[in-house]
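Participant: Quick one: sequence and predicted model below, then my questions.
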Amino acid sequence: MSSVVKLETGFSGQIDSGPDALCGLLVAAGKLQPSDVERALRLQREQGDWEKIGSILAKLGLVSEMDVAESLSEQLGLTLVDGADFPAEPLADLGIEPRFLKNNRVLVLDQDETELTVVMSHPQDQHVLDALRLVSNKSVVACLGIPAEIDIALNRLYDSDKRSDDVVDASVSAQYLDDVEQLKELAGEAPVIKLVNQLIHGAAEAGASDIHIEPFEDQLKIRYRVDGLLREVDAPPTQSSAAVISRVKIMANLNIAERRLAQDGRFKQRVRGNEYDLRVSTVPTMYGESVVLRLLQRDSVALDFGPLGFSPQQETVMQEILATPHGILLVTGPTGSGKSTTLYAALRHLNKPERMIITVEDPVEYNIRGINQMQVKPQIGLTFANALRSIVRQDPDVIMIGEMRDTETAQIAVQSALTGHLVLSTLHTNDAAGSVMRMLDMGVEDYLLTSAVIAIQAQRLVRTLCPECREPYAPPREVVERWGLDRFAGNGELTLHKPIGCDHCGNTGYSGRCAILEILPMTDAIRQLVLKRSDVSEIARAAADLGMVSMRDDGLRKAVAGETTVEEVLRVTPEQS
């Protein structure tokens, strides 16, 4: 602990006396806008200046607690201690009441005969420092910690004190579970608001696409989906489940009294100066409602084919397809495979002043300037099919349908394509060839299908290797022969890379994702097979003979290029005959 700063009595670095200094550091770091500072300072004055400016900024969602802590550490010249360095067990013979530690957010890190080392959320609080010095009869060495991490550690170390101000008591939760007004009050408590904000901020900082809040009999499980895989994080106490879930539902403008039916909503949140759209989905389970929040940050999404993982050749093929004046382009794959992002990249390519573009989506994920976007609302009868009937009369050049879910939507889309519109849509199938059978199963006649569909693209998302820590290796010969990797190596030496893990990638070895894909143009040969009702494997073989690169081969090519791993490609691609 040689790098920490000893705070003796008389320390005068009060953040309350100079909030402009902290805000100035946050603005200089690009994490805060001057208008946000004015808003927070105005709220602080309205509250009578009793709350610190950093706490107000975090509660408003303008910055994270980590941002505040880092800037405060720089301002005060203190070391910021990570939660991973907190003690696993409470220190014995402290002579300090746990309630005092919790009320003042103080965690004892270490002690010897003369010094007491603590981590605090507000190490400039002279009264607390004096109290610690008097009780322990030692000099105090203070470090800075993130408030939420200190709260979690204190509750973990001192389980006997369950009625902390920052924890919703189990009996209270059970007592008011069916009382909507009381539940609203619990969800409006500052600890619950802070806890939910911290979950959202933590997910944003981890680069997560989803937050899963899942109540079970003996725990509340919180998981972030990072690069397509779920990662469990520290969760609040089980007894706070009802309040946490109700808080999310209130933010999404959902009915907190309705816990028997699934609900969907959305809200916006500022995190680290960035605007996020959060889509909320709830479903009833045995032990409460399971909640999933999808995080969407518009500015961070590269709506262009290259950054999404398209090779130059694939990008050229896609641009040629989009140059067709009419017909249907289908993008297929399972949920979470990046289909919508690919369609948005196509819309961005098509978005020209001379084109009229209308979309029908559920929900509208990204707003694009110059494009008319419609949100379906089945509860009032505005379904995909009904919306399509209306927008065709708007004389659009391009129509984007968020998803073909039923026969009626598919048939209207086909009719639109046959009457001079370019139609883009998604479909849930395993591969490009399987989409043909899916459309036939939905009741589209084969002769209409072959006339309307111009191309089908299937895709998956694979995790990309962290460029900072990936490590090259020579693959075993049996692996090379099994997957035919020599096809992608050219005349050079074949080298693969493996994930190692570092601070840059969170010790996962991977950072970000890219698409692997296959594009099936509807050629005359494919049309003949569809009219003959050939099976999927026969259509896939014919497409390969015509030059289509399968998803698996596209992924293996990226693995040989050092972008991902063979294991990652095999994990997400379907078996091929």
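Facilitator: Done, it's in.
Participant: Going by C-alpha atoms from here, please, whenever you check contacts or count neighbours.
Facilitator: Noted.
Participant: could you show me where the strands are in the stretch 301-450 of the chain, in order?
Facilitator: Taking DSSP state E, counting those that start in this stretch to define them, one finds strands in the stretch 301-450 of the chain at 327-332, 357-361, 372-375, 398-401, 422-427.
Participant: With only the CA atoms kept, save stretch 530-542 in CSV.
Facilitator: Extracted in CSV, the C-alpha atoms of stretch 530-542 (Å, rounded to 0.1, in the frame of the first residue of the first chain):
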residue,chain,number,x,y,z
VAL,A,530,-36.9,-24.5,-56.6
LEU,A,531,-39.6,-25.2,-59.2
LYS,A,532,-38.7,-28.9,-59.0
ARG,A,533,-39.1,-28.7,-55.2
SER,A,534,-35.5,-30.0,-54.7
ASP,A,535,-34.4,-30.4,-51.1
VAL,A,536,-32.2,-28.0,-49.2
SER,A,537,-28.9,-30.0,-49.6
GLU,A,538,-29.3,-30.2,-53.4
ILE,A,539,-29.9,-26.4,-53.6
ALA,A,540,-26.8,-25.8,-51.3
ARG,A,541,-24.6,-28.1,-53.5
ALA,A,542,-25.8,-26.3,-56.7
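Participant: for it, which positions count as buried?
Facilitator: Applying a neighbour-count criterion of 16 or more other C-alpha atoms under 10 Å, the buried positions in stretch 530-542 are 530, 536, 539, 540, 542.
Participant: likewise stretch 475-484?
Facilitator: Per 16+ other C-alpha under 10 Å, stretch 475-484 contains no buried residues.
Participant: Send me it as PDB with only the CA atoms.
Facilitator: Extracted in PDB, the C-alpha atoms of stretch 475-484 (Å, rounded to 0.1, in the frame of the first residue of the first chain):
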ATOM      1  CA  PRO A 475      -2.000 -25.900 -36.300                       C
ATOM      2  CA  PRO A 476      -1.700 -29.800 -36.200                       C
ATOM      3  CA  ARG A 477      -1.800 -31.400 -39.600                       C
ATOM      4  CA  GLU A 478      -5.000 -33.400 -38.800                       C
ATOM      5  CA  VAL A 479      -6.800 -30.100 -38.100                       C
ATOM      6  CA  VAL A 480      -5.600 -28.600 -41.400                       C
ATOM      7  CA  GLU A 481      -6.700 -31.700 -43.300                       C
ATOM      8  CA  ARG A 482     -10.000 -32.100 -41.400                       C
ATOM      9  CA  TRP A 483     -11.200 -28.500 -42.300                       C
ATOM     10  CA  GLY A 484      -9.200 -28.000 -45.500                       C
END
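Participant: Tell me the spacing between residue 242 and residue 218.
Facilitator: According to C-alpha to C-alpha, to the nearest Å, residue 242 and residue 218 sit 13 Å apart.
Participant: quick check: mean pLDDT across stretch 464-471?
Facilitator: The average pLDDT within stretch 464-471 is 93.
Participant: How about stretch 27-45?
Facilitator: 79.
Participant: quick one: contacts of that stretch?
Facilitator: The contact list for stretch 27-45 (C-alpha atoms under 8 Å, 6 or more residues apart in numbering) reads 23, 26, 50-53, 56-57, 62-63, 67, 272-273.
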